[in-house]
Structure formats: structure tokens, C-alpha cells
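[1] based on what follows, work out the 3D shape:
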Amino acid sequence: MSMSNGTPCGMNGNNRKLDRSILFIEKVFLRRAPETLRGVELFNMRLLRDLGELGWNVRVPADKSWRDVFHKEFGGVSGVEFVYAGRMCVIKWLWFVALGRRHDVLLVGNVGNLIGPLVCLAGKMKKAGRCVLIAHRETSAGFLKSLECWRGSCVVIAVNGKIARPFAEAGFEVRVDYGIMNAEDFYPRRQTPGGGAAGIVCFCVVGMLDNSWKGADTAIAAFRKMPAEVRERSELHLASYSTPPGFPESNIVARAWMPASEIGEWLRGMDVMLCPSRDEEVMRETFSQAIVQGMLTGLPVLASDLQVFREKLDKGGGEIFRDVEDLSRKMQELVLDADKRLKLGREGRATALERYVWDSSVFASRYLPGQAHEEKSA
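    Numbers count the residues shown, from 1 in each chain. Okay, here's the model as predicted:
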């Protein structure tokens with residue numbers, strides 16, 4: 001088995017003992033650690049840290065390749081414990097769940113057929129009193145079936161209504177409740193977003209743009225369709241690529257992968273966010289942290305006609321485009337209308353602050369047993 005019980009990160013000399021316990025199962029942690037952490041991975045890392053600081057004892061099974069990552073991220077954080085094993089093998093982790101201690105909560109970090117048997121076994125053996133699932137992706141019939149043994153003691157937090165629907169139809173308690181962790185990093189620049197000193201309006205696309213479904217090609221085509229005199233007043237910034245491509249135009253700029261800590265400041269140098277993603281058979285937008293980051297920064301948004309974007313712009317903040325020609329027209333309009341950029345940016349920020357800011361203490365009080373009572377009693 002070669003499973004080692006990692007020392008709880010940040011445990012002090014007093015051997016702090018916690019009464020409330022969580023078993024956190026996330027399919028990504030059971031695989032080899034990626035070179036760069038993105039999206040859901042960063043969310044889960046911050047969530048673990050927050051739960052430890054809130055007084056929960058969180059146990060996390062993980063592939064041993066995560067050891068250095070966790071040591072760097074969680075040194076000094078009490079209450080978070082990692083259990084390591086070699087390359088992913090479902091039988092090993094079934095053994096871990098079967099022989100492991102009971103917890104107050106089974107917290108499942110995402111849907112996934114890989115972890116379905118673990119979730120099912122934990123329910124059948126009553127290894128936790130409650131299951132909380134954060135669903136970032138659409139479920140499969142197989143994973144949904146693995147939740148059956150948790151019926152009546154499971155709540156699903158879905159990142160959008162489409163993801164929530166199959167769980168609700170199957171009779172589970174479901175909430176659409178999600179946001180970004182580091183909202184405080186995203187705020188508007190102080191000056192009116194009317195373009196730079198030279199009157200240049202900067203458009204941006206944010207995401208792992210090596211993925212074709214992110215639609216960088218749509219943004220480039222729309223930018224090139226704008227009249228020459230409008231393009232001369234504009235720049236298109238593409239962030240980011242593993243290997244940035246080159247373009248003949250000096251005002252189309254692609255950059256290498258940007259650390260998460262730099263995105264907020266970079267966005268404050270932009271004027272308009274483009275979200276041109278398109279759904280493919282496997283890859284699709286489910287929440288889009290990028291659009292929320294842009295909205296919080298006060299950027300007007302032009303987004304493709306996807307549900308995940310429509311629901312975020314339903315109170316203003318931007319516009320939906322139908323095709324390349326429509327996007328190009330809307331881009332041109334925003335280049336020429338600084339007041340509209342400002343108005344849409346303010347609307348989007350108000351919506352994002354109201355709906356899409358994650359607070360782990362609020363999450364705990366809503367969904368983790370005992371937390372709400374203790375907070376009221378404090």
C-alpha cells in the first residue's frame with residue numbers, strides 16, 4: 001500500500017485537538033499534481049485553508065506528488081492533515097475509506113466517476129453524518145447513483161442552474177451558491193475607465209487560451225473586423241498561453257501564463273473583457289471565474305450566448321453577442337462610448353458583489369453541522 005499518514009500541517013506543540021472533522025475527497029488530489037494550479041484547484045486549496053482556520057479538522061487523501069505543494073501552501077495552518085499514497089488506485093483508496101475513522105462531514109470537492117465508489121462506500125459504511133458536494137461540473141448517471149446511499153443526508157452546492165438540475169430531479173437538496181475566493185483582489189482602478197492616456201481602449205480575454213473552446217480565435221477575428229480607424233484606438237490582450245503565439249499586428253498581444261496573484265492588477269489596466277467561450281462535447285464553461293473577476297474590476301463584458309454568461313449579465317454589466325460580426329459591432333461601440341463602458345462596468349461590479357463572492361465562514365454556517373449553532377452562541 002505504501003500509504004503514509006502525513007503530519008497535520010501546522011500542528012503546534014500543544015497538539016491542538018479539534019472536535020469537528022471533515023473527510024475531503026477531490027478527484028484532482030488523487031491524481032498526479034499538475035505543474036500549475038488553476039481554477040477549481042486554487043479554490044479547493046483556499047477552502048481547505050479556511051476550514052482549518054475556522055476550527056475544522058480536515059483530512060485529505062492525496063497522491064504523494066502533492067506533498068511539496070501542500071507543504072508550501074499549508075505550512076502554519078492548523079487542522080489540515082494530508083494522507084498520501086502512490087499512483088492513483090481506487091482499491092487503495094477504498095481500503096483507506098473502509099478502515100478510516102468516522103467524520104462529521106464527507107466534503108466532496110467535485111463530481112467525478114473516479115471518486116464515485118469512494119463516496120458510495122463512505123455512505124454505506126456511515127463514515128460521516130452528512131455529505132456536502134460542491135458540483136463544478138455536470139454529473140454522470142453513474143456518479144449520481146453513487147450518491148443514493150446519502151439520500152436524506154446530502155446537500156449539493158452547484159455552481160450554476162444547469163448543473164443543479166439533475167440533482168434536483170433525483171430528489172436531492174440542491175443550492176446554486178458559488179463565488180470566487182479572492183474577491184478582494186479585484187476592484188476598479190481609481191480613474192474613470194475611459195482608455196489610457198493616448199485614448200487606447202484595451203480589450204482582454206482571460207483563461208487557458210491554448211484550449212480552443214475558450215474562443216480566443218473569435219475575439220481575434222472580431223477585433224480584425226473593426227474599421228481600421230477604430231482598431232488604431234484599440235488593443236487586444238490575450239492572457240494566457242503556455243507558449244504565446246505571435247501576430248502581425250502590434251496591437252494584438254499574447255502573453256505567457258500569468259500567476260493568479262498578478263491577474264487583479266493586470267485587469268485594472270484593461271477597459272473591456274471579452275468572454276468568447278463556446279461549449280464543446282467535453283469542455284465547457286460551468287462558472288467562469290474570469291467573467292466574475294472582470295465584473296468585480298468594473299470592466300464591461302461582451303460574452304458569447306451561453307447560459308453561464310447570460311445568468312451573470314441578467315442585471316446589466318455587459319452584453320451577449322451572437323456571432324463574430326455581432327461581437328465586432330459591440331466592440332466598436334464600446335471603443336467609441338466611454339460613458340457606456342463606465343455604466344456597464346458599475347452594473348457588473350454591483351451584481352458580482354451581490355452574488356459571486358465566496359465566504360467560507362458563510363459556507364460553513366449554511367452547510368456544515370454545528371457551525372451555525374456555535375457561531376450564534378459565540
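
[2] low pLDDT regions in the stretch 201-350 of the chain?
    Scanning the stretch 201-350 of the chain for pLDDT under 70 picks out 281-283.

[3] go with 80
    280-283 (pLDDT under 80).

[4] residues contacting the residue lying farthest from the centre of the chain?
    Centroid-distance maximum for the chain: residue 229 at 38.0 Å, with C-alpha atoms, centre = their mean. Going by C-beta atoms under 8 Å, 6 or more residues apart in numbering, residue 229 touches no other residue. In this view, the C-beta of every residue, glycine as well, is placed from N, C-alpha and C.

[5] as a check, name the ranges of all helices in the stretch 1-150 of the chain.
    39-53, 67-74, 90-99, 116-124, 141-146 (DSSP state H, counting those that start in this stretch).

[6] tell me the mean pLDDT for the shortest one?
    Spelled out, it's helix 141-146. Mean per-residue pLDDT for helix 141-146: 95.

[7] again with the longest one
    When the per-residue pLDDT values of helix 39-53 are averaged, the result is 90.

[8] mind giving me the packing neighbours of it?
    Secondary-structure packing of helix 39-53 (3 or more C-beta pairs under 8 Å, 6 or more residues apart in numbering; DSSP states H and E): strand 57-63, helix 67-74, strand 80-85, helix 360-367.

[9] how would you label the residue farthest from the centre of the chain: helix, strand or coil?
    helix (DSSP: H, G, I helix; E, B strand; the rest coil).

[10] distance check, it against residue 211.
    As defined by C-beta to C-beta, to the nearest Å, residue 229 lies at a distance of 33 Å from residue 211.

[11] same question, residue 234
    Taking C-beta to C-beta, one finds residue 234 at 25 Å from residue 211.

[12] more crowded one of those two?
    residue 234 (22 against 13; other C-beta atoms under 10 Å).

[13] for the closest residue to the more buried one other than its chain neighbours, grab phi and psi.
    Of all residues beyond its chain neighbours, the one nearest residue 234 is residue 201 (5.1 Å), with distances taken as C-beta to C-beta, 6 or more residues apart in numbering. Residue 201 adopts backbone torsions of phi -100, psi 120, taken as degrees, to the nearest 10.

[14] residues touching residue 201, list them.
    195, 233-235, 271-272, 334-335, 341.

[15] identify those among the residues you listed that sit within helices.
    334-335, 341 (DSSP state H).

[16] using JSON lines, please lay out those together with neighbour count and distance to residue 168.
    Listed next are the ones in helices among the contacts of residue 201 as JSON lines, based on neighbours: other C-beta atoms under 10 Å; distance: C-beta to C-beta, whole Å:
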{"residue": "334", "neighbour count": "20", "distance to residue 168": "38"}
{"residue": "335", "neighbour count": "24", "distance to residue 168": "43"}
{"residue": "341", "neighbour count": "23", "distance to residue 168": "38"}
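
[17] sorry, back to before: and the contacts of residue 201, which is closest to residue 139?
    residue 272 (34.8 Å; C-beta to C-beta).

[18] what distance do you get for the closest residue to that closest one other than its chain neighbours to residue 149?
    Using C-beta to C-beta, 6+ apart and skipping the chain neighbours, the partner closest in space to residue 272 is residue 203 (4.9 Å). Taking C-beta to C-beta as the measure, residue 203 falls 49 Å from residue 149.

[19] neighbour-wise, which of those two wins?
    residue 203 (25 against 18).

[20] need phi/psi at the more buried one.
    phi -90, psi 150.

[21] can you pull the contacts of it?
    Counting by C-beta under 8 Å, 6+ apart, residue 203 has contacts 219, 223, 234-237, 270-274, 331.

[22] doesn't residue 156 make contact with residue 174?
    Yes: the criterion here is C-beta atoms under 8 Å, and residue 174 meets it with residue 156 at 4.6 Å.

[23] please enumerate the shared neighbours of the two.
    Taking C-beta under 8 Å, 6+ apart as the criterion, residue 174 and residue 156 both touch 164, 167.

[24] look at these two and report which has more neighbours.
    residue 156 (27 against 22).

[25] ok so the more buried one is a helix residue?
    No: checked against three-state DSSP, residue 156 lies outside a helix; its state is strand.

[26] list the contacts for it?
    133, 135, 164, 167, 172-175.

[27] out of those, which two sit at the greatest distance?
    135 and 173 (12.4 Å).

[28] looking at the two, which is more packed in?
    residue 135 (24 against 14).

[29] not counting its neighbours along the chain, what's nearest the more buried one?
    residue 158 (4.6 Å).

[30] next, count neighbours for the one you found.
    27.

[31] list the buried residues in stretch 295-314.
    295-304, 306, 308-309, 312-313 (16 or more other C-beta atoms under 10 Å).

[32] report the two of those separated the most.
    298 and 306 (22.2 Å).

[33] how many residues are close by the nearest residue to residue 62 once chain neighbours are set aside?
    Of all residues not flanking residue 62 in the chain, residue 29 sits nearest, at 4.2 Å (C-beta to C-beta, 6+ apart). Residue 29 has 25 neighbours, counted by other C-beta under 10 Å.

[34] a markdown table for the helices of the stretch 1-150 of the chain, including mean neighbour count and distance to residue 60?
    Formatted as a markdown table, those follow (neighbours: other C-beta atoms under 10 Å; distance: least, C-beta to C-beta, whole Å):
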| stretch | mean neighbour count | distance to residue 60 |
| --- | --- | --- |
| helix 39-53 | 20 | 7 |
| helix 67-74 | 16 | 8 |
| helix 90-99 | 15 | 11 |
| helix 116-124 | 20 | 13 |
| helix 141-146 | 16 | 20 |
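
[35] perfect, I'm done here.
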